[in-house]
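Undergrad: take a look and give me a structure for this.
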Amino acid sequence: MRSSSTRRRRWSLTRYFAFVSVLAMAALGCALVWVTSTVMREQAINDGTAAAESVMAYAVAPLPASAFTEGQLTPEQNQAVKDATAPFGDKVVDLRLWSTVGVLLYSKAGAETGFPDTDRNNAVLQNGVPDARVIVDVRESEEGDAPSEQRQVLDVYVPVLMSNTSGAAPAGAVPGSGEPIGTAEVMLDHTASAAALRSAIGTVALVVSGGLVALWLLLFRTVFTTSKRLQATALENARLALLDSLTGLPNRRLLTERMTKTVAEAQRDGARLGMVLLDIDRFKDINDSLGHDHGDELLEQVADRLRKALRDEDVVARLGGDEFAILLTDVRSVADAEHLARRVRELFGPPFKLGEMSLHVETSVGVSCLPDHADDASSLMRTADVAMYAAKHHRTGVATYSPEEDHSSPARLVLLGDLHRALDPEPGVARELELHYQPKVDLDTGRIVGLEALMRWRHPERGLLLPTVFIPLAEQSGIIHRLTRYALTSAVEQLAAWIAEGRSTPIAVNLSAHDVTSGKVVDVIEELLAEHDVPAALLEVEITETALVADPSRVVPVLERLAALGVKVAIDDFGIGNTSIAQLRDLPVQELKIDRLFVTDLGDGGRESAHVVVQAMVDLAHSFGLRVVAEGVEDQITAATLRRLGVDQAQGFLYSRAVPPDEVTALAMLPQPRRTTTRTPRRQKSG
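TA: Numbers count the residues shown, from 1 in each chain. Here you go, the predicted structure:
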């Protein structure tokens, strides 16, 4: 259908070009013939004018100049003019000599009286330039019944100058003057010249027409051939523009076109579509180590496996680099799409043969479905891309789209904008971000010995939001530093307020992994403590063990500066970050917080192995002179077990949820923290 339409369009364009080019050639030919005939006519008149000037010169040569002023010729002068012009014969149809006042002096035809063309005669006398015009002369046939004959006559008025005549000048005339003293009207037979001119013009028209026709045929053939070649090239380029040059698979552009059409059909029919995106793990390393030739060969083999393994109705495309896409045109559920994605990943199980080398390749595959995860073609591709990078990040091989992994979803972007607004509240507007405080309880005395500050966001539309909703968003967007400063400022201001009331209970603030890799957070803490006159011992900071393990070379100097400032440091979520004993021994920290994962297993019916692990953590921490805090304590059995294992402090729902500052006093009177003496004395760290 498309090629037939293309042929019809090409044939219409060809006919249009032929029609326009014929008109153009015809116009060009007419213009050439008109210009040529005009030039030839002017040349013929110029030649006739020159002949008329010669006739005039012969005619007036025997006459004196005074004859023109006197207005008459003697019989002898009349005969002299006739004899002088006799050699011109019948070429001269008539010769008339006129004086300056229009008196007829001589007529070859024998006319005795007459009048010149006054306007022409005066113009010639005034400017001294001949005036030639072609007129039609009708001659009566000598036989009465014969029709009259017409011939063309060139009628030329030629000025007669004194220098053309002989004899004495008339009275008052200046000898040698170029002033006309009369005119000669010379009528020449122009019939033969006109016939020759017509013949020449006809020949020119024929030659021009023939030449232009030949030129048109040549040009049309050239243009037609070139047009066909260009159209063929354009069609080939259009085809290649929709295919990947290396693998021959559809490229991103063709996939987008197919997706747009398929999505519209699926939405109309209520069908489900699946999108699978995959890329080759560490493909850059393959290119760098084996060379781009082997990398290209690998991509060709990947494309071949995908093409052969999938259904005919599915669309396999290469998006660029090592990234491929598969549009599943008919899937019954998200689970089916994920199952197909796992089958696709299994295609990479057998090794790829690159020359004599066998290469095992791993891939990361992302899956999304319409309408489950997207509502148009663009969002379907985007959500599959998010899922693919989630699979790569978590090393799961295959991942289905999850909003929690989507850092650029519209809802998250809106929430991020709201978070920016909450961090910079307008004057007079209530703060949306606030700190709640969860107590840390001494397991020996049951008294509150500290508080952990936990941020809450009172969103005007979504209600109270917990940190798990917006803290990851702040970390991913880069505004975590502002959020940390906000939390530190609020905590120090609260400490200053309690100090003014005669209370002093330490507050612990969580620091993000992004915060503890830069010394700026220490500068912020030092500035706040000095501004509000709060002792450094009342402020504690908590960092996760995973943040410590990720980049110890940058984190440890920050911890050392905090310790030098007098701010206590706790390692949060201890037990899941694989901190070595050597690292723990040398770290400038004062507290370990056992992750709730281990604490949960200590409850009623808990596993014995959990007791062993917690006991080992406690013994290790105490051997380094560190205080141990357990998180997530929710029942008395767990609390008793922790106390028996030697844990120093605990926090959790058993004691209290995180509460606003004005409710903290309802939990206790915020007594001064005291050191318990029921424990085995711990070894103090040197320095």
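
Undergrad: helix or strand for the spatially most central residue of the chain, which one?
TA: Geometric centre of the chain, nearest residue: Arg253, 14.1 Å, by CA atoms, centre = their mean. Using DSSP states H and E, Arg253 sits within helix 252-269.

Undergrad: neighbouring contacts of that helix?
TA: Contact with helix 252-269 is made by 241-243, 250, 271-273, 275, 315, 317, 319-320, 325, 327, 329, 370-371, 376-377, 380-381, as judged by CB atoms under 8 Å, 6 or more residues apart in numbering. C-beta here means a position set from N, CA and C on the backbone, and glycine is covered the same way.

Undergrad: any weak-confidence spans in the chain?
TA: Along the chain, the model assigns pLDDT under 70 to residues 1-14, 17, 138-149, 167-178, 230-242, 407-409, 550, 576-583, 603-607, 668-687.

Undergrad: immediately after the longest helix that the chain contains, which helix or strand?
TA: Ranked by residue count, the top helix of the chain under DSSP state H comes out as helix 2-60. Following helix 2-60 in sequence order, the next helix or strand is helix 66-70 (DSSP H and E).

Undergrad: in that following helix, what's buried?
TA: The neighbour-count check on helix 66-70 (16 or more other CB atoms under 10 Å) flags Ala67, Phe68, Thr69 as buried.

Undergrad: still on that earlier bit, just the buried members of the contacts of helix 252-269?
TA: By neighbour count, with 16+ other CB under 10 Å, the contacts of helix 252-269 hold 242-243, 250, 271-273, 275, 315, 317, 319, 325, 327, 329, 370, 377, 380-381 as buried.

Undergrad: pretty sure Ile543 is touching Ile571, no?
TA: Yes. With contact defined as CB atoms under 8 Å, Ile543 reaches Ile571; the gap is 6.5 Å.

Undergrad: which one's more surrounded, these two?
TA: Ile571 (26 against 23; other CB atoms under 10 Å).

Undergrad: what strands flank the strand or helix carrying the more buried one, and is each parallel or antiparallel?
TA: Ile571 belongs to strand 568-574 when elements are defined using DSSP H and E. Within its sheet, strand 568-574 is paired with strand 539-544 (parallel), strand 591-594 (parallel), according to DSSP bridges.

Undergrad: can you list contacts of the shortest one?
TA: It refers to strand 591-594. By CB under 8 Å, 6+ apart, strand 591-594 touches 540, 542, 568-575, 614, 617, 621, 626-631, 647.

Undergrad: immediately after it, which helix or strand?
TA: As assigned by DSSP H and E, the chain's next helix or strand after strand 591-594 is helix 596-600.

Undergrad: check which residues of that next one are buried.
TA: Going by 16+ other CB under 10 Å, helix 596-600 has these buried residues: Arg596, Phe598, Val599.

Undergrad: okay, those residues in CSV with distance to Ala530 next?
TA: Output for the buried residues of helix 596-600, formatted as CSV (distance: CB to CB, whole Å):
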residue, distance to Ala530
Arg596, 35
Phe598, 39
Val599, 37
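
Undergrad: buried residues, the host helix or strand of Lys392. List them.
TA: Using DSSP H and E, the element containing Lys392 is helix 377-394. Judged by neighbour count using 16+ other CB under 10 Å, the buried positions of helix 377-394 are 377, 379-392.

Undergrad: now do stretch 414-428
TA: Leu415, Leu416, Asp418, Leu419, Ala422, Leu423.

Undergrad: out of those residues, which is nearest to Gly48?
TA: Distance to Gly48 across the buried residues of stretch 414-428 (CB to CB) is lowest for Leu416, with 96.3 Å.

Undergrad: distance of that closest one from Leu473?
TA: 6 Å (CB to CB, to the nearest Å).

Undergrad: cool, Val441 as well?
TA: 32 Å.

Undergrad: one more: Pro351?
TA: Per CB to CB, Pro351 is found 42 Å from Leu473.

Undergrad: does Tyr157 touch Pro130 like I think?
TA: Yes. Between Tyr157 and Pro130 a contact is recorded at 6.4 Å, counting by CB under 8 Å.

Undergrad: neighbour count: the two, which is higher?
TA: Shown here are Tyr157 and Pro130; by other CB under 10 Å, Tyr157 has more neighbours (26 against 21).

Undergrad: pretty sure Val316 is in a helix, no?
TA: No. Counting by DSSP: H, G, I helix; E, B strand; the rest coil, Val316 is not part of a helix but strand.

Undergrad: how many residues are close by it?
TA: Based on other CB under 10 Å, the number of other residues close to Val316 is 21.

Undergrad: that one bridge partners, please.
TA: Beta-bridge pairing of Val316 under DSSP bridges involves Ile326.

Undergrad: residues touching it, list them.
TA: Neighbouring residues of Val316 by CB under 8 Å, 6+ apart: Leu249, Pro250, Ala303, Leu306, Arg307, Leu310, Phe324, Ala325, Ile326.
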